[in-house]
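Student: Quick one: sequence plus predicted model below, questions after.
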Amino acid sequence: MKINYSPYRLKPMQSLNAAVPLSERQGVLLAIEWPDGLAGYADLHPWPELGDSSWEDQLAGIRSGKISTMMEQSIWMARRDAQARKQDKSLFDGLPLLKNNYLITDTRLEQPDLIARLKAEGFETIKIKLGHDLKKEAEFVSFLGQDGAFKLRLDFNSLGTWQTYERFMSSVNKIALARVQYVEDPFPFDEEAWLEAKRFAPLAIDSDLDKIDLKKLKTKPFDTVILKPAKHDVNAILQNCIINDYKVTVTSYMDHPLGVMHALAVAGELKKAHPQRILDAGCLTTRLFQMDTYSAEVVPSGPYLKRADGKGIGFDALLAREPWSQLKMR
């Protein structure tokens, strides 16, 4: 297997969440060739602040035979792209259009016309990242929920405690609470505490998903699993979700538009195969960064993301112009 890489930087337009400082994001595009002649592309976009190894360390690990989980997923996605290119197809051929949630990373930046604008654009689901100012955020959630037009997803990024979560949820009005589809990572995972926390709203697991064995849970402390193809074994998690009857939200990793498209393609495939289990996706993250030549090809239209032109995952012309460097194995 031959690996070429091309580093990139993404410049956030605003805070991405309360856990991460506002700064440039770094990642690397991968072009992978196999001995059977297939070649495909993927993204590798770690979040060191959340425990990921840097892209440099992950590439260096390949030389010593240590392939990270994220790198395994990148190789898997590149192979999917390669197979589609070999067949002269797009990864999106035959897939349903899948709606995405609207993502709010900082409620302080939203304008008074938000509800009217999102209704006009056709959004049905809004995800709100919390943790900047919980008191004002509770008021904001109450404001959005009272309208009754949207399903709400609240994300604490495991930054809170049971006490802060209880105070927050108790301060949100009951009409808005009834609109909460789920609360993601209310605080670090604890099976008994999460069972108790479910009295306010259904829960979803994301950040601690890698730390637990879904097969060994004695109860059902959450209802939805957040599946990120950039870092999760898609097939293994999907099978566990089927066995344990969890809903699934497929999201991007707030990564490069190429990575976003891979997540969207996986979401579309799963939605086609399991229409009742797969919820609205969370792949509208390109708008969080300054536009570049890649994001300009996949501009969102309401809750839908435009698919990149070309074979496989798309972006053919742009990928051909990347300044690729070969990863030296020895």
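Tutor: Everything's here; your move.

Student: now the strands: where do they sit in the protein?
Tutor: When assigned using DSSP state E, the strands of the chain occupy the ranges 2-10, 25-33, 39-44, 102-104, 125-129, 151-155, 180-184, 203-205, 224-227, 247-250, 300-301, 304-305, 325-326.

Student: what are the pairing partners of the third one, and which direction each?
Tutor: Applying DSSP bridges to the sheet, strand 39-44 is found paired with strand 25-33 (antiparallel).

Student: picking up where we left off before, switch the strands of the chain over to a markdown table; also include mean pLDDT and mean neighbour count.
Tutor: All C-beta spots, glycine's among them, are computed from the backbone N, C-alpha and C. What follows is the strands of the chain, written out as a markdown table (pLDDT from 0 to 100; neighbours: other C-beta atoms under 10 Å):
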| stretch | mean pLDDT | mean neighbour count |
| --- | --- | --- |
| strand 2-10 | 97 | 17 |
| strand 25-33 | 98 | 21 |
| strand 39-44 | 99 | 25 |
| strand 102-104 | 96 | 22 |
| strand 125-129 | 97 | 22 |
| strand 151-155 | 98 | 24 |
| strand 180-184 | 98 | 24 |
| strand 203-205 | 98 | 23 |
| strand 224-227 | 98 | 23 |
| strand 247-250 | 99 | 24 |
| strand 300-301 | 94 | 13 |
| strand 304-305 | 96 | 21 |
| strand 325-326 | 96 | 12 |
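
Student: Export the ones you listed to TSV and append columns for distance to residue 281.
Tutor: Conversion of these to TSV gives the following (distance: least, C-beta to C-beta, whole Å):
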stretch	distance to residue 281
strand 2-10	20
strand 25-33	20
strand 39-44	17
strand 102-104	11
strand 125-129	9
strand 151-155	12
strand 180-184	13
strand 203-205	13
strand 224-227	10
strand 247-250	5
strand 300-301	12
strand 304-305	9
strand 325-326	33
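
Student: Which of those sits closest to residue 76?
Tutor: For the strands of the chain, distance to residue 76 was read as C-beta to C-beta. The smallest value, 8.1 Å, belongs to strand 39-44.

Student: tell me the contacts of residue 241?
Tutor: With contacts defined as C-beta atoms under 8 Å, 6 or more residues apart in numbering, the neighbours of residue 241 are 214, 225, 227, 247-248, 277.

Student: try residue 89
Tutor: Per C-beta under 8 Å, 6+ apart, neighbours of residue 89: 311-312.

Student: now do the one 3 residues further on
Tutor: In this structure, residue 92 makes contact with 264-265, 268, 307, judged by C-beta under 8 Å, 6+ apart.

Student: of all those residues, which comes closest to residue 36?
Tutor: Within the contacts of residue 92, the smallest distance to residue 36 is 21.7 Å, found for residue 265 (C-beta to C-beta).

Student: Tell me the confidence at that closest one?
Tutor: On the pLDDT scale, residue 265 is placed at 98.

Student: Distance-wise, check the closest residue to it other than its chain neighbours relative to residue 126.
Tutor: Taking C-beta to C-beta, 6 or more residues apart in numbering, and ignoring the residues beside it in sequence, residue 265 has residue 91 as its nearest neighbour in space, at 4.2 Å. The gap separating residue 91 from residue 126 is 27 Å, by C-beta to C-beta, to the nearest Å.

Student: Please work out how many residues are found near residue 105.
Tutor: Under the neighbour criterion other C-beta atoms under 10 Å, residue 105 is assigned a count of 22.
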